[in-house]
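Colleague: After the sequence you'll find the predicted model.
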Amino acid sequence: MNFNDLGLKIGIELHVQVNSGKLFCRCPSNLSGKDAEFKLIRKLRTVSSELGEKDIVAEYELEKNKYAIYEMPEESSCLIEADEEPIMEIDNNALMTALQVSLMLNAKVVDVLQIMRKQVLDFSNTSSFQRTGILAMNGKVKTRTGIVNIDNIAIEEDAARKINETKEYVVYRLDRLGFPLIEISTGPNMNDPEQAKEVAQYIGMVLKSTGKIKPGIGTIRQDLNISIKGHPRIEIKGVQDLRAIPEIIRKEAERQLNEVKTGKKLESHVRKANIDNTTSYLRPMPGAARLYVETDHPVIMVTEDMIKTIKMPELISERVLNLESRYNINPQLANEIIRKNIDVDYFIHKFKNIDVDYLSHVLVEMEKEIEARFKLKAKFKKEEFEEVLSYYDKKEIAKEAVFDIFLEKAQGKRIDYGKYRIFSAAEIEDEVKKLVKEKKELSDNAIMGILMQKYRGKIDARKLMDIIRRYK
Amino acid sequence: MKTGDFAKVITKDQELSGIIMPNSNNKTLFLKLENGYNIGINRKNIKKINVLNMKKETVKKEKVEIKSKKNLPVISLLHTGGTISSRIDYSTGAVMPAITPEELIEMFPELQEIANIKSRLLSNIASEDLRFGDYKIIAKEIEKEIRSGVDGIIIGHGTDTMHYTSAALSFILEDLGIPVILVGAQRSSDRGSSDAFLNLLSAAIFITKTDFSGICICMHENLNDKNCLILPGLKTRKMHTSRRDAFKAINDDAIALVNPENKKIDFFKHYNKKDKSKKLKIYPDMEEKVAIIRTHTNMSEKQFEFYKDYKGLIIEGTGLGHIPGGKNNQKIVDVVKKLAKKIPVVMTSQCVFGRVNMNVYSPQKILLDSGVIPGNDMTSETAFIKLAWLLKNKKTKVRELMTENLKGEINQRLKERHYIEDEF
């Protein structure tokens, strides 16, 4: 397929959860696993849109004529999520993070932020609208294939989590309602599926570079806007995996091409991404005019003083490059060290006798290796790494012992470092001498093998070989 | 350039197009962008504004035609203001009253199935701004509606002082033969989640499905959009700043519970039966110079002295009805004693629940002896309204009638259930 001939246009919308308290109340942004202490029953009514007509999408969702059951976990929701109390002022950490991201994406920050109410189409917000505001506009991202515009950067509240749905009702949990989100929308000026992936990856990297993004799967969600010549815009929701972006776009473009060929009248609508990277129909495209002022929140002046306090973090990509050149670590290791946020400088500084490559290897790979070889979930604390590595650094244990000790830790054993005490060559010289005399027929390596059965991990193998050779 | 114009705004570093919004001021220009979002632009940063399109006058919508149905009862809906009957202008964000029957039916079409609705605006003021004169206006309008033969009246009211109005109407209206229900909303009706609809619908159903007559308040039972309580006009209070179930019966039972979905109504107490042949009389005058003072620790006698020219005073005491009266506070006791000799001084309790009893502690007995009137189990608000009403309408018997149950404002038998429900 030639995408240029097709007139393919792609835009991306990224939603990312900021790691702060909720946006308009003082509840923590935590998901609750246990059963909610309290449940609410609510009905929603269609309200007229600003055109005086009931929104077609609002009708579409509500004609189902269901009611909602809201689960209200006490640990993560209060009266504000229940729509029983007016909102509080915006969370400052979330606001400052969004501001930082705006500057990192070279966007122009608004002078005054106005929080809006965006009508929602289902029960996912107890108030029947989502609070959102545009914080910055007209940013830019450089890609290998050209510059991509960032049209808008908004700060908004996340919706409630859908837990269950029956013919009569829908169950939502209010824990996620109000999580702070940053929404980044690119212009529709991409025309290459790979470029879309690159842009999503780059923006994701910028977001992570702030160190203020919620870790874990599903904390960055992306929607795609796709159209080809002769086909109205299609929005694809719920793309979880960045790597799937090009294939989803290709399959959607193909689907649109087939639709255009049928000559039917085509309508703009919303689709959802499936596991096999195809898409399926979700609902009609919402009408445009569904935003009005959130009168319960004052407007927010974005002052020069606020902007001045913002420090621009070093991008993850730059940090990887710096680490590579600073310690001569291979790119893959450097990338993992940064991604896992390992304080490698601390370890390198502290353990000067340990080779940097080996040190990085232990820090990055040890857990993975134990998991792969012994099917053991391993997660070591910084102090545990420090403890084991300090024995090795002082040459009290051999390199071979390091893995064995971590394995024992993963198995939950108490470590007896005496067991791993390194023997000096002098201590076993007599034993070597005797063995060499008795087993004259054996090769160096065979004798080495016998001795290593006893002293593996407790002696420097190279030095042992030296002794064997001396008596042969 | 004016509000509503579509303009291109050129700032020092970008060009923005949108509709000029009404909350713009001399520091900030607010613009509704084409994507629907509003943003504010500091006027100092604006280089130029080009109006591209003048404001289009919005085309009036076709009006919904309302046909009255012969077999349905008639409900008169009188608006005094407040959240209940407001609608939002989505283009500006301004909240405006929706008053005409057409607008109301458009917002709540189900009402048409229940009754023929007459709808009228009496005033459009926040309920905290109401004055005694407004109760008079409302009473006179109720009289007018009853004369025209309606089967029930709903009064749309701001929630903050709805229980003052219900108390006032309870005293002002004599020989009321139909239901008069005050209805409010805690969430504005631009929200799909507004409580306005359920409250209004429940009130309409209660009017048409029962033979109740009297003054009451209709609001959510709890946080669910399921049932509404019919609450006694003299023994109800707003107990929460924001919850939709803010209104609770105080020292009394609710009158009834309405489930508007299955139209099931459960009564919890006896009530006056509807009688449209009754001839309503109104006594709308109330004494202006009546006040409530709340006691607290660290008081000064000067705070009480302030009311020396008043005609009546409610003291919202602590506990069983106490004011500071120990050795160090003798001056306060002296001032209150002097006041009580001159004007009716009524003691209520800031505990809200329970009854005042001034016989338990000796300093309060002195007050009782000097003429302070115990307010029994009345809320301060009801006692305040009752006192103001008695001072104009039963001038010679104020002290006596203050302690007597006239319209259901005093409950002599407090039951275990007449308190905050135990949720655990």
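Modeller: Right, received. Where do you want to start?

Colleague: packing partners for the helix or strand harbouring residue A:337?
Modeller: Assigned by DSSP states H and E, residue A:337 belongs to helix A:331-339. With contacts taken as 3 or more Cβ pairs under 8 Å, 6 or more residues apart in numbering or on different chains; DSSP states H and E, helix A:331-339 sits against helix A:316-327, helix A:356-374. No exception for glycine: its C-beta is placed from N, CA and C like everyone else's.

Colleague: Next, the distance between the ends of stretch B:167-184.
Modeller: Start and end residues of stretch B:167-184 are separated by 15 Å (Cα to Cα, to the nearest Å).

Colleague: cool, and stretch A:280-295?
Modeller: Terminal residues of stretch A:280-295 lie 37 Å apart, using Cα to Cα.

Colleague: Please apply the same query to stretch B:370-379.
Modeller: 23 Å.

Colleague: before we move on, back to that, could I get the average pLDDT for the helix holding residue A:337?
Modeller: Helix A:331-339 shows a mean pLDDT of 90.

Colleague: and what of stretch A:199-214?
Modeller: Mean predicted confidence for stretch A:199-214 is 93.

Colleague: Identify each buried residue in that stretch, please.
Modeller: Neighbour-count burial for stretch A:199-214, counted by 16 or more other Cβ atoms under 10 Å in any protein chain shown, picks out A:199-200, A:202-204, A:206-210, A:212-214.

Colleague: Can I get it as PDB, trimmed to CA atoms?
Modeller: Presented in PDB, the C-alpha positions along stretch A:199-214 are these (Å, rounded to 0.1, in the frame of the first residue of the first chain):
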ATOM      1  CA  VAL A 199       6.100  10.100  17.800                       C
ATOM      2  CA  ALA A 200       4.200   8.100  20.400                       C
ATOM      3  CA  GLN A 201       7.500   6.600  21.600                       C
ATOM      4  CA  TYR A 202       9.200   9.900  21.800                       C
ATOM      5  CA  ILE A 203       6.400  11.600  23.700                       C
ATOM      6  CA  GLY A 204       6.200   8.600  26.000                       C
ATOM      7  CA  MET A 205      10.000   9.000  26.600                       C
ATOM      8  CA  VAL A 206       9.600  12.700  27.300                       C
ATOM      9  CA  LEU A 207       6.800  12.000  29.800                       C
ATOM     10  CA  LYS A 208       8.800   9.400  31.600                       C
ATOM     11  CA  SER A 209      11.800  11.700  31.700                       C
ATOM     12  CA  THR A 210       9.900  13.900  34.200                       C
ATOM     13  CA  GLY A 211      10.000  11.000  36.700                       C
ATOM     14  CA  LYS A 212       6.400  12.000  37.700                       C
ATOM     15  CA  ILE A 213       4.500   9.600  35.700                       C
ATOM     16  CA  LYS A 214       2.700   6.700  37.300                       C
END
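
Colleague: hmm, who's touching it?
Modeller: Stretch A:199-214 is contacted by residues A:12, A:14, A:16-20, A:29, A:93, A:97, A:100-101, A:104-105, A:141, A:143, A:148, A:150, A:179, A:182, A:184, A:186, A:190, A:219-220, A:222, A:242, A:245, A:313-317, A:319, A:341 when judged by Cβ atoms under 8 Å, 6 or more residues apart in numbering or on different chains.

Colleague: taking the residues you listed one by one, which sit in strands?
Modeller: Taking DSSP state E, the ones among those that sit in strands are A:12, A:14, A:16-17, A:141, A:143, A:148, A:150, A:182, A:184, A:186, A:220, A:222.

Colleague: which of the contacts of stretch A:199-214 are buried?
Modeller: Among the contacts of stretch A:199-214, those classed as buried by 16+ other Cβ under 10 Å are A:12, A:14, A:16-20, A:29, A:97, A:100-101, A:104-105, A:141, A:143, A:148, A:150, A:179, A:182, A:184, A:186, A:190, A:219-220, A:222, A:245, A:313, A:315-316, A:319.

Colleague: restrict the residues you listed to contacts with chain B.
Modeller: Checked against chain B using Cβ under 8 Å from any Cβ of the partner chain, the buried ones among the contacts of stretch A:199-214 yield no neighbours at all.

Colleague: circling back: only alpha carbons, please: show the helix or strand just after the helix holding residue A:337 as PDB.
Modeller: Heading C-terminal from helix A:331-339, the first helix or strand you meet, by DSSP H and E, is helix A:344-350. Extracted C-alpha coordinates of helix A:344-350, given in PDB (Å, rounded to 0.1, in the frame of the first residue of the first chain):
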ATOM      1  CA  VAL A 344      24.500   3.200  39.000                       C
ATOM      2  CA  ASP A 345      26.800   6.200  39.900                       C
ATOM      3  CA  TYR A 346      26.400   5.400  43.500                       C
ATOM      4  CA  PHE A 347      27.500   1.800  43.100                       C
ATOM      5  CA  ILE A 348      30.400   2.600  40.800                       C
ATOM      6  CA  HIS A 349      31.600   5.200  43.200                       C
ATOM      7  CA  LYS A 350      31.300   2.900  46.200                       C
END
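
Colleague: Mind checking the pLDDT average for helix A:344-350?
Modeller: Averaging pLDDT along helix A:344-350 yields 92.

Colleague: ditto for stretch A:454-463
Modeller: 78.

Colleague: got it, and stretch B:146-156?
Modeller: Summarised as a single mean, pLDDT over stretch B:146-156 is 96.

Colleague: end-to-end on it?
Modeller: Distance across stretch B:146-156, first residue to last, is 17 Å (Cα to Cα).

Colleague: got it, and stretch A:261-268?
Modeller: One end of stretch A:261-268 to the other measures 16 Å (Cα to Cα).

Colleague: Just send the helices and strands packed on helix A:331-339 back as a markdown table, with mean pLDDT and distance to residue A:412 too.
Modeller: Converted to a markdown table, the helices and strands packed on helix A:331-339 look like this (pLDDT from 0 to 100; distance: least, Cβ to Cβ, whole Å):
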| stretch | mean pLDDT | distance to residue A:412 |
| --- | --- | --- |
| helix A:316-327 | 91 | 33 |
| helix A:356-374 | 92 | 12 |
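
Colleague: Quick check: beta-bridge partners of the closest residue to residue B:219 other than its chain neighbours?
Modeller: In this structure, residue B:219 finds its nearest non-sequential neighbour in residue B:247, 4.4 Å apart by Cβ to Cβ, 6 or more residues apart in numbering or on different chains. Beta-bridge pairing of residue B:247 under DSSP bridges involves residue B:238.
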